[in-house]
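here you go, sequence then predicted model.
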Amino acid sequence: MLKKACQRKITENFFCKVFCILAMIMFGILVYHSLGITGENSGELTDEHIYFRHNSVVLNLIVLSLAFILLSFYGQLKKYFHTKKRRNVLLAVVCIFAVLFAVYWIATTKTAPWGDPGYILAYARQFQEGNYSAFGPGEYLAVYPQQLGLITVLRFFNRLFGENDYKAFSYFTAMMLPLIILSGMKIVRYLVKDNASAELFYILFVFTCFPMYGYTPFIYSDLCSLEIGMFSVWAFLSCLERLRGGKLIWLGMTTGIAFLLRSNIIIMIIALWIVLAVKLICDSTKRRSALAMGIAMIAGLMLFYAGLNFAYRDVKDKNADALPAMAFIVMGLNDDYGYSGWHNFYGVNLFAECENDARLTTEYAKEDLKAYISLFGGNPEYMVDFFVRKMNAQWNAPMYQCIVSNNHVVGTQGKLASSIYEKGYWYRLVNSYMKIFQMILYASILCLLIARHKDWMSIDKYVLLIAVFGGFLFSLIWEAKTRYIFPYLLMMLPYMAVGADVIVRFLESKITFLAKTADME
């Protein structure tokens with residue numbers, strides 16, 4: 001029995017080491033490119049494409065070094081916040097101020113939804129009026145059925161607030177920011193027990209992460225879904241520590257709601273399932289818990305999915321096909337106008353040409369995929385250049401499209417919002433800060449993986465990094481858009497905080513060693 005337990009532990013250690021190697025390669029690439037290049041949107045709010053600005057690697061290394069030195073001074077606050085009670089009070093204050101700033105931002109940006117957010121808002125209002133034509137063949141909800149969950153939620157807000165529905169939803173998203181902040185802190189405490197400096201770093205990073213506020217007016221549910229999703233990760237880790245029936249309900253419900261709001265959250269859910277699968281195979285003490293948690297998550301997904309289909313059973317056109325995934329994959333390989341993998345209406349146009357037939361669209365898309373594979377195979381240098389540009393446009397744009405994604409200004413903005421939207425002083429300040437923030441993010445996680453790859457031999461320690469790694473791979477094959485990477489930014493913050501603590505402690509130990517050496521001399 002003991003021998004089997006040892007073998008299982010060795011197997012889990014193997015999984016952890018393999019993932020660490022893959023993650024180190026990924027974050028090494030991101031660190032390398034973040035030092036030499038920055039992706040930004042142009043000054044035109046209608047242009048969502050990312051343009052690259054080359055940086056001095058030496059200057060960025062100096063800036064990054066100075067940033068960690070400043071963080072070491074900030075970390076000295078741990079002497080005052082040495083008790084968890086004091087850190088909890090600080091965390092509560094940060095939650096309150098985060099909500100207040102988000103509400104202020106929504107009120108002063110004076111924006112309204114357009115594009116896809118505008119469509120889903122319009123259809124939510126049409127549904128309230130009894131108009132379900134959007135389910136017809138070739139219509140919006142037939143082509144993109146994944147939007148139905150968010151539309152249903154917006155119908156609820158429309159019923160309560162009428163024409164102010166999207167504003168109410170934005171304020172609701174702002175009010176739920178503490179779910180991200182508190183869940184992230186719980187994850188930090190799961191990763192490292194009673195580490196005051198890591199917790200202080202997390203509070204600083206999450207509070208000053210501007211894109212988190214920038215996306216509050218955006219009603220496309222990128223932020224709202226993640227708020228619930230991070231809450232489900234908290235429930236997931238809590239269940240692993242100590243399984244209870246109430247926690248299972250919490251886990252299942254939050255998983256289902258997060259997926260209902262935004263289907264892309266499935267990558268994070270798959271990461272949770274991967275952890276459960278490893279636990280089922282390798283950890284006999286967690287086998288029953290893992291099985292119960294997996295069932296709870298599946299039940300939550302099925303409950304909300306089945307409920308949604310049941311609610312619209314009489315109005316949905318069962319013969320209307322959705323745009324197949326293959327069309328999105330092929331679109332992600334286009335290089336039109338030098339914007340690698342960007343939206344170019346390929347899928348929509350092909351679907352229309354195939355008379356909204358998903359099977360026929362998939363067949364034509366497969367032929368186009370073969371042509372792209374042949375192109376890349378015949379020109380490896382171009383293939384590398386293409387995917388590097390595609391990666392940087394998504395993973396190396398520090399503002400994560402938080403302004404251009406919510407760019408339909410319909411009133412007179414406040415001074416701060418106006419300065420940021422018009423690329424004034426505050427934009428330059430925030431953009432520069434987020435560039436440094438992003439370099440710290442990638443460098444901290446890389447150093448964390450290097451420092452802890454021998455210590456963290458439990459796969460659950462890597463749960464959100466597995467989601468980030470999956471998102472990284474997915475971003476290379478799917479339609480390119482920086483906004484799609486924004487949720488992974490917030491998933492990385494707990495690891496950023498722990499990694500920053502590792503680096504700061506290393507610097508402090510070297511300074512102490514040098515000081516002692518100088519005294520001896």
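The structure has been received and is ready for your questions. Numbering: from 1, shown residues only.

okay, now the unreliable bits of this protein?
Residue ranges of the chain with pLDDT under 70: 1-8, 512-521.

where do the strands sit along it?
All strands of the chain, identified by DSSP state E, fall at 37-41, 50-54.

which positions in the last one come out as buried?
This points to strand 50-54. Going by neighbour count (16 or more other CB atoms under 10 Å), the buried part of strand 50-54 is Ile50, Phe52. For the C-beta atoms, the positions are set from N, CA and C on the backbone; glycine is no exception.

run through who's touching it.
Here strand 50-54 makes contact (CB atoms under 8 Å, 6 or more residues apart in numbering) with 36-42, 339, 389, 392-394, 397, 401, 482.

want to throw the strands of the chain into a markdown table with distance to Gln146?
Output for the strands of the chain, formatted as a markdown table (distance: least, CB to CB, whole Å):
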| stretch | distance to Gln146 |
| --- | --- |
| strand 37-41 | 26 |
| strand 50-54 | 24 |
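
among these, which comes closest to Ile96?
Nearest to Ile96, of all the strands of the chain, is strand 37-41, at 31.2 Å by CB to CB.

what's the burial count for Gly245?
Gly245 has 9 neighbouring residues, counting by other CB atoms under 10 Å.

circling back: Ile106: which of the strands of the chain is closest?
Comparing these by CB to CB, strand 37-41 comes nearest, at 20.5 Å.

picking that back up, of the contacts of strand 50-54, grab the buried ones for PyMOL.
PyMOL command restricting these to the buried ones, with burial defined by 16+ other CB under 10 Å:
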select buried, resi 37+38+39+40+41+339+389+392+393+394+397+401+482
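
out of the contacts of strand 50-54, which is nearest to Phe101?
Nearest to Phe101 among those: Gln401, at 19.7 Å, using CB to CB.

and that closest one, how far is that from Tyr346?
21 Å (CB to CB, to the nearest Å).

equivalent analysis for Ser34, please.
30 Å.

cool, and Tyr74?
47 Å.

just Asp321 next, same as before
17 Å.

Ala134 now?
Taking CB to CB, one finds Ala134 at 22 Å from Tyr346.

more neighbours, the two?
More crowded of Ala134 and Tyr346, by other CB under 10 Å: Ala134, with 23 against 19.

wait, the more buried one sits on Gln126?
Yes - if you go by CB atoms under 8 Å, Ala134 and Gln126 touch, sitting 6.8 Å apart.

and Gly138, its phi and psi?
Gly138 adopts backbone torsions of phi 80, psi -10, taken as degrees, to the nearest 10.

what's near enough to touch it?
Ala320, Phe351, Ala352, Asn356.

report the buried members of these.
Among those, those buried by neighbour count (16+ other CB under 10 Å) are Ala320, Phe351, Asn356.

was I right to think the first one contacts Ala134?
No - Ala320 sits out of contact with Ala134 when judged by CB under 8 Å, with a separation of 10.1 Å.

so what sits against both of these two?
Residues touching both Ala320 and Ala134 (CB under 8 Å, 6+ apart): Ala142.

count the residues that sit near the nearest residue to Ser238 once chain neighbours are set aside.
Nearest residue to Ser238 in three dimensions, chain neighbours excluded: Lys247, at 5.5 Å (CB to CB, 6 or more residues apart in numbering). Using other CB under 10 Å, Lys247 is surrounded by 21 other residues.

same question, the one 4 residues further on
Counted with other CB under 10 Å, the neighbours of Leu251 add up to 27.

how far away is Phe231 from Trp250?
In terms of CB to CB, Phe231 sits 8 Å off from Trp250.

give me the more crowded residue out of those two.
Remark: of Phe231 and Trp250, Phe231 carries more neighbours, 24 against 20, as counted by other CB under 10 Å.

please report the distance of that one from Gly245.
Separation of Phe231 from Gly245 (CB to CB) stands at 18 Å.

same question for Gly377.
Distance from Gly377 to Gly245, counting by CB to CB: 54 Å.

show me where the stretch 201-350 of the chain has helices.
210-214, 222-241, 245-261, 266-282, 287-311, 325-331, 346-353 (DSSP state H, counting those that start in this stretch).

how far off centre is stretch 43-62?
Averaging C-alpha positions (CA atoms, centre = their mean, to the nearest Å) puts stretch 43-62 21 Å from its chain's average.

repeat that for stretch 212-224.
The answer for stretch 212-224 is 12 Å, by CA atoms, centre = their mean.

what sits up against that stretch?
For stretch 212-224, using CB under 8 Å, 6+ apart, the contacting residues are 98, 101-102, 105-106, 109, 111, 113, 116-117, 120-121, 150, 153-154, 166, 169-170, 172-174, 176-177, 180, 206, 261-262, 399-400, 402-403, 405-406, 483, 486-487, 490.

what about 7 Å?
With contact meaning CB atoms under 7 Å, 6 or more residues apart in numbering, stretch 212-224 is reached by 101-102, 105-106, 109, 111, 113, 116-117, 121, 150, 166, 169-170, 173-174, 176, 261-262, 402-403, 405-406, 483, 486-487, 490.

please list only the buried members of those.
Buried residues within the contacts of stretch 212-224, counting neighbours by 16+ other CB under 10 Å: 101-102, 105-106, 109, 111, 113, 117, 121, 150, 166, 169-170, 173-174, 176, 261-262, 402-403, 405-406, 483, 486-487, 490.

which of those residues fall in helices?
Mapping the buried ones among the contacts of stretch 212-224 onto helices (DSSP state H) picks out 101-102, 105-106, 109, 117, 121, 150, 166, 169-170, 173-174, 261, 486-487, 490.

so which of the strands of the chain gets nearest Lys85?
Nearest to Lys85, of the strands of the chain and by CB to CB, is strand 37-41 at 40.7 Å.

Cys239 and Ile249 touch, don't they?
No - Cys239 is beyond contact range of Ile249, at 10.5 Å (criterion: CB atoms under 7 Å).

what sits against the residue nearest in space to the middle of the chain?
Centroid check for the chain by CA atoms, centre = their mean gives Pro487 as the closest residue, at 1.5 Å. With CB under 7 Å, 6+ apart as the criterion, the residues that contact Pro487 are Asp222, Leu226.

how close does it get to Val233?
In this view, Pro487 and Val233 are 12 Å apart by CB to CB.

one more: Leu369?
34 Å.

do the same with Ile270
In terms of CB to CB, Ile270 sits 13 Å off from Val233.
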